[in-house]
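Novice: Requesting a structural model of the entry that follows:
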Amino acid sequence: MVRVNQHPTDATLIAALSAGDSSTRLRAALAAGTDARATLLEVLVERCADEPDFFVRDMLTWALTRLPVAETVPRLVAELDAAQAQARSQALHTLSKIGDPQPYPEILRFLRDPDDETARTAWRAAQALSPESEKPALATQLATQLGRGEHDLQRSLSRALVALGDAAEPALRDAAASGEEGVRLHAEATRRLADDPDLGFAAALDEATKASILGS
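Specialist: Got it, this is the predicted structure:
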């Protein structure tokens, strides 16, 4: 096991970040973020693409948020063109956590990504970084994905739309009149969630489905 001491060298941390034991990798990512070492930017981004453990990936993201924005954001934007879906998804997630709105136009091209996790992460990132003036247009783009995927994916999209507030209502209203049942029910469920955030997606979808049956 690679041990991460109180003041590890870059070489020690780099070795620990790829250790076989996930707890070692977690401690290494924590140490990299605690010291905010810009010299580790490249290896932290590369590890995000390959890291199998969710908690370690989250710590890698935290470590990246501690580094200088002027260096980190351009490197993460470049990572959006990576071949690996996890690399793209984690870069999008990290950009949303950094909070710099400059990459917003780059994020928009992933809203319809065929990889569900990449698209899901792009929805959240776009919602988090969208300027106020762009929210209605973003809602219109997000609404094109209504009805996509299984329950968990649909719930993620609904949350992103609800978080846009009133800006999402015109797009949801139009989608609720769709001739496609899956799109229509997802839009109605999202509108119910917007009215009552405590309702929960499953309950909102159930209410929308019942209302559709009664209406028909």
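Novice: drop to CA atoms for contacts and neighbour counts, all remaining ones
Specialist: Fine.
Novice: Other residues contacting the helix or strand hosting residue 126?
Specialist: For residue 126, the host element (DSSP states H and E) is helix 116-129. Residues outside helix 116-129 that contact it (C-alpha atoms under 8 Å, 6 or more residues apart in numbering): 85-86, 88-90, 92-93, 95-96, 99-101, 104, 107-108, 110-113, 135, 138, 142, 149, 153, 156-157, 160-161, 163-164.
Novice: could you give me the average pLDDT of it?
Specialist: Averaging pLDDT along helix 116-129 yields 97.
Novice: Point to the residue nearest the middle of the chain.
Specialist: By C-alpha atoms, centre = their mean, the chain has its centre lying nearest to residue 121, at 2.4 Å.
Novice: Any idea how far the helix or strand of the chain with the lowest mean pLDDT is from the middle of the chain?
Specialist: Taking mean pLDDT, DSSP states H and E as the measure, the chain has helix 201-215 as its least confident helix or strand, at a mean of 83. Distance, stretch centre to chain centre, for helix 201-215: 27 Å (C-alpha atoms, centre = their mean, to the nearest Å).
Novice: can you check stretch 152-163 too?
Specialist: 11 Å.
Novice: who's in contact with that stretch?
Specialist: 116, 120, 123-124, 127, 139, 142, 145-148, 168, 186, 190-191, 193-194, 201.
Novice: filter those residues to the buried ones?
Specialist: 116, 120, 123-124, 127, 139, 142, 145-147, 168, 186, 190-191, 193-194, 201 (16 or more other C-alpha atoms under 10 Å).
Novice: for the chain, what spans make up the helices?
Specialist: 10-17, 22-35, 41-50, 54-65, 69-79, 85-98, 104-108, 116-129, 135-143, 151-163, 169-175, 181-195, 201-215 (DSSP state H).
Novice: Can you point out the buried residues in the first one?
Specialist: This means helix 10-17. 13, 14, 16, 17.
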